[in-house]
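# Return a 3D structure for these sequence lines:
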Amino acid sequence: MREIYRILDANFNRAREALRVAEDCGRFALNDVAITVMAKHMRSDLQGLLSDIPLMEMVASRDTPGDIGTDLTSPTELKRADMSDVAIAAMKRLGESLRSIEEYSKVVAPAKTLDVERMRYNAYTLEQRLLGRLFVRRFFADIHLYVLVDSSMCRGSVREIARAAIAGQTDVIQVREKNIPDAQFLALAAEMRDLTDETGKMLIINDRADIAAMVGADGLHVGQHDLPVAEARRLLRPGALVGKSTHTIEQARAAVTEGADYIAVGPIFATATKDAGPPVGVELLKQVLAEVQVPVVPVGGITAANVAQVRAAGATRAAVCSSVIKADNPRAAAQQIRDTLTQA
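Residues are numbered from 1 along each chain as shown. Take a look at the predicted model:
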């Protein structure tokens, strides 16, 4: 039995240490309340699991001087290129430790086995959220459908419409609000952050770097007359994206030079959105796609009826608004547009 207590002791220590790494990343690097709180609560839950496992038995079984593993290292163990590498290693260590605890606790504390299993599933969620924050650029490269939500245009609950759009395989939700009080904007952005966390999607905030920073958004979208990309980036958490609207090839080139992570091009078609300007058409889109190396998102007047023209121009992404959020069936509308964007 001593050997089992020794294994449990080692893995409880590994799990605690991994959660501390995750909590520190969420708190000090990402300024992300949700990740920080989740890691902190999991550390507390881990401590609670010890109530049915004799602590002194575990401590007494510890034999650090005689542990043959202290001198064994893998070629990659001492290599960490950046914060992402640190987070990945910690999350893998956490999952492995909890699996070991789950199996060996069946011998000494079977009543706790299901609690450990639930914690292991929570660890997968924590890993998704933490790495999702750190790998937003990589994730954005693979997106297809980007939906803008505006409370003044939604037919009913913004949350439920956004949820329906996500069910229709929307990859990104952008909160775009021009005429509501700051407190209301912040509350809506926080609500959308919860929803995108829950569903594993990306959240972009339009114009408001302060609100994007407060809710830990995955990115900010700015227009031609908003904050410069570099200045906006300084206000956001590490790794957050900054996208920029462009309406000419010159603006597209300038946005790339400025450091935008992606550019929106449009309006492709006529749109009722205020101040969108005249449609630029798919010819500009083709030119930008041929020249620009960052992700390009066509926007403006795109619907299920005309998105095939966008796809024929070479785009596999599109940003839409009214064609989804004003639809009788937002889920079906989103799915139809996405299917066209992803067809060969």
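
# pLDDT wise, what is Phe28 at?
Note on Phe28: pLDDT of 89.

# If you tally nearby residues, what's the number for it?
Per other C-beta atoms under 10 Å, the neighbour tally for Phe28 reads 9. To be clear about C-beta, it is placed using only N, CA and C from the backbone, and glycine gets the same treatment.

# Repeat that for Arg16.
Arg16: 15 surrounding residues under other C-beta under 10 Å.

# what's the answer for Asn329, then?
The number of residues packed near Asn329 is 12, by other C-beta under 10 Å.

# The residue lying closest to it once chain neighbours are set aside in helix, strand or coil?
Excluding the flanking residues, the one nearest Asn329 by C-beta to C-beta, 6 or more residues apart in numbering is Ala164, at 7.7 Å. Following DSSP: H, G, I helix; E, B strand; the rest coil, we place Ala164 in the helix state.

# from memory Ile263 sits against Glu291, does it?
No - using C-beta atoms under 8 Å as the test, Ile263 is too far from Glu291 to be in contact (11.0 Å).

# list the residues that contact both of those two?
The contact sets of Ile263 and Glu291 overlap at Ala252 (C-beta atoms under 8 Å, 6 or more residues apart in numbering).

# and these two? which has more neighbours close in?
Ile263 (22 against 12).

# Give the helix, strand or coil label for the more buried one.
Put simply, Ile263 is strand when judged by three-state DSSP.

# Identify the spatial nearest neighbour of Lys286, chain neighbours not counted.
Spatial nearest neighbour of Lys286, excluding adjacent residues (C-beta to C-beta, 6+ apart): Ala313 at 4.9 Å.

# My read is that Gly223 contacts Lys244, right?
Yes - between Gly223 and Lys244 there is a contact under C-beta under 8 Å: 7.5 Å.

# So the two - more neighbours on which side?
In terms of neighbours (other C-beta under 10 Å), Lys244 is the more surrounded of Gly223 and Lys244; the figures are 26 against 14.

# Lys79 versus that one, what's the distance?
Here the criterion is C-beta to C-beta, to the nearest Å. By it, Lys244 lies 35 Å from Lys79.

# re earlier: now for the residue nearest to Asn329: which residues touch it?
By C-beta under 8 Å, 6+ apart, the contact set of Ala164 is Asn329, Pro330, Arg331, Ala334.

# Now that we have these, which of them are buried?
The neighbour count (16 or more other C-beta atoms under 10 Å) marks Pro330, Arg331, Ala334 as buried among those.

# any idea which of these is closest to Ala344?
If you rank the buried ones among the contacts of Ala164 by distance to Ala344 using C-beta to C-beta, Ala334 comes first, at 20.0 Å.

# Would you enumerate the residues in contact with the closest one?
Leu145, Val147, Ala164, Ala165, Ile166, Ala167, Gly168, Gln169, Thr170, Val320, Val324.

# Just the residues contacting the helix or strand where the second one lies, thanks.
With elements delineated by DSSP states H and E, Val147 resides in strand 145-149, which encompasses its position. Under the criterion C-beta under 8 Å, 6+ apart, residues 158, 161-162, 165, 168-176, 192, 204, 206, 297, 299, 317-321, 324-325, 334, 337-338, 341 lie in contact with strand 145-149.

# for this protein, which helix is longest?
Longest helix in the chain by number of residues (criterion: DSSP state H): helix 83-108.

# Looking at that one now, give me its mean pLDDT.
95.

# the strands in this structure, which residues?
Here the chain has its strands, by DSSP state E, at 145-149, 172-175, 202-206, 219-222, 241-246, 262-265, 296-298, 318-320.

# Could you spell out the sheet neighbours of the third one, each with its direction?
Applying DSSP bridges to the sheet, strand 202-206 is found paired with strand 172-175 (parallel), strand 219-222 (parallel).

# Tabulate those in JSON lines, adding columns for distance to Lys92 and mean pLDDT.
Shown next, in JSON lines, are those (distance: least, C-beta to C-beta, whole Å; pLDDT from 0 to 100):
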{"stretch": "strand 172-175", "distance to Lys92": "27", "mean pLDDT": "98"}
{"stretch": "strand 219-222", "distance to Lys92": "26", "mean pLDDT": "98"}
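
# Tabulate those strands in TSV, adding columns for distance to Ser51.
Converted to TSV, the strands paired with strand 202-206 look like this (distance: least, C-beta to C-beta, whole Å):
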stretch	distance to Ser51
strand 172-175	41
strand 219-222	43
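
# Lovely, talk soon.
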